[in-house]
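>>> next comes the sequence, and after it the predicted model I'd like to discuss.
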Amino acid sequence: MDRAVDVLRDASIWLRSLPQGDIKKMEGAPAFKKSDPPKKPEAVWSKNKEEEIILETESFEKKKPKPKHDEFDFAKAREKVREKFDSVIALPGELKEKFQTKFLRDAAAQVDVSVSEESRSGKEIDEYDIIELHEHIFVIGGAVEGQGSEPTSTVEVYDCTSKEWHKIAPLPLKTTACYATVITGVPALVVVGGYGGWKALNTVQMYDWVTKQWQVLQHMRKRRWGCYATGTEHGILVAGGCDQGSVLNSVELYNVKKKEWFTLPEMLEPRCNFAGGIIGRKLLVAGGGSGFYFNSAKNSAEIFDGEQGKWTKLPPMRRKRYGCTAVSWKKKLIVVGGCDKNGTDVLDVEAFDLESHMWLDFPPIPVGYSLCRARIVQNMLVVFGADGGENAAYAFDFELNRWESYIELPQGRNAYAIAVIGV
């Protein structure tokens, strides 16, 4: 992930915050002057043909005297942007480059900026860059503690910058034991499958961060709870899980552009409540169970090569884990949590190194989770207990090589899904 200056966030000044008079004062800045003749684009990003954001760039051509330093208060403008910046900003690549050039002079404060190459949203497919400025953690569905296994539609979001929780629109369909992931290059997340109270679901529910609305996409071919899902450059990949009476080894892929599900080669073993992660063009899965309960816990692992289109066995983990989770980090699949065949929580953390083809030890997690979810948040490994026994999330700091308390969930629940969007 590239590093960029904090004031990249000020790029949204042109889009939403500053009065036109202030923009004109900035047009004469040296960073906008190039040796090549300026172009005259009018960049339009259309969401659903109903609302458009038009970025007029014709004014960049105008040659005006360089403004005096006291004519524009950058600190004040920066503060305005921070107050008003509450939604994702989509910028064409050429304009993003101009904004970077303009503000790279001020390198006092920096943030991580992730830029996607392609995005799709709604009915139209448009190519644009998403500048990710800070992250939001979504806690989705599950069953509320104290209400049995009754699924909920509640969705709560934690803003990692303001450190505050808030609720968003509920899921269209209640679900527990579901899985959530993000669509590559799009400010949206999807929730797949789960259990609807009396049967496994094959639903796919998508939340669009820009419109703040949910919509139901085409159903999966298989009903699944306890499955794994991830966003890839080709679409949404879903593997394993359980249907009404069996554990699955089937894999399917939803092509976002074609809006169609495709069947992929089956895993070598059926798995439920297992860990998975993408490294490059390879999908790694590990652990889980061959049945509905922890007494079927396994330690086997396998890898799917997207180019060859086949699964291959990997060396087994050192511990059997049912209900474990994983993240991909620097060509490693880090597996956390779960319980063994006796129902004992596994505190040991291990990582499969794709280069050495070996399992490596990581510092053990302070609290055991028989069912958990993990994501990379703010360059840390954050683990959430989804077994209803612990509302606290713990983070592993890679630089300090230690675990620390991260956040508390606003309410206890289990078998929920987690997703992270940077906006």
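Everything's here; your move.
>>> quick one: low-confidence ranges for the stretch 101-250 of the chain?
Within the stretch 101-250 of the chain, the stretches with pLDDT under 70 are 101-133, 148.
>>> try 90 this time
Residues of the stretch 101-250 of the chain that meet the criterion pLDDT under 90 lie in 101-134, 144-150, 183-187, 197-198, 233-234, 244-245.
>>> tell me which stretches of it form helices.
Using DSSP state H, counting those that start in this stretch, the stretch 101-250 of the chain contains no helices.
>>> please tell me how far the nearest residue to W165 once chain neighbours are set aside sits from L248.
Excluding its sequence neighbours, the residue lying closest to W165 (C-beta to C-beta, 6 or more residues apart in numbering) is P410, at 4.9 Å. For the C-beta atoms, the positions are set from N, CA and C on the backbone; glycine is no exception. From P410 over to L248 the distance is 33 Å, taken as C-beta to C-beta, to the nearest Å.
>>> more neighbours, the two?
Using other C-beta atoms under 10 Å, the more surrounded residue of P410 and L248 is L248, with 22 against 14.
>>> so what's that one up against?
L248 makes contact with 222, 224, 227, 240-242, 270-272, according to C-beta atoms under 8 Å, 6 or more residues apart in numbering.
>>> what about 10 Å?
200, 222-224, 226-227, 238-242, 266-267, 270-272 (C-beta atoms under 10 Å, 6 or more residues apart in numbering).
>>> give me the buried subset of these.
By neighbour count, with 16 or more other C-beta atoms under 10 Å, those hold 200, 222-224, 226-227, 238-242, 267, 270-272 as buried.
>>> once you drop chain neighbours, what's closest to R413?
Once flanking residues are discounted, R413 sits nearest to G142: 4.4 Å by C-beta to C-beta, 6+ apart.
>>> of the contacts of L248, which is the nearest to T181?
The closest of the contacts of L248 to T181 turns out to be V238 (C-beta to C-beta; 8.9 Å).
>>> now the closest one: closest residue in space that isn't a chain neighbour?
In space, and not counting its chain neighbours, V238 is closest to A229: 4.6 Å by C-beta to C-beta, 6+ apart.
>>> ok, back up a step: which of the buried ones among the contacts of L248 fall in strands?
238-239 (DSSP state E).
>>> all strands of the stretch 251-400 of the chain, in order?
For the stretch 251-400 of the chain, the strands defined by DSSP state E, counting those that start in this stretch cover 251-255, 260-264, 275-279, 282-286, 301-305, 310-314, 325-328, 332-336, 349-353, 358-362, 372-377, 380-385, 392-397.
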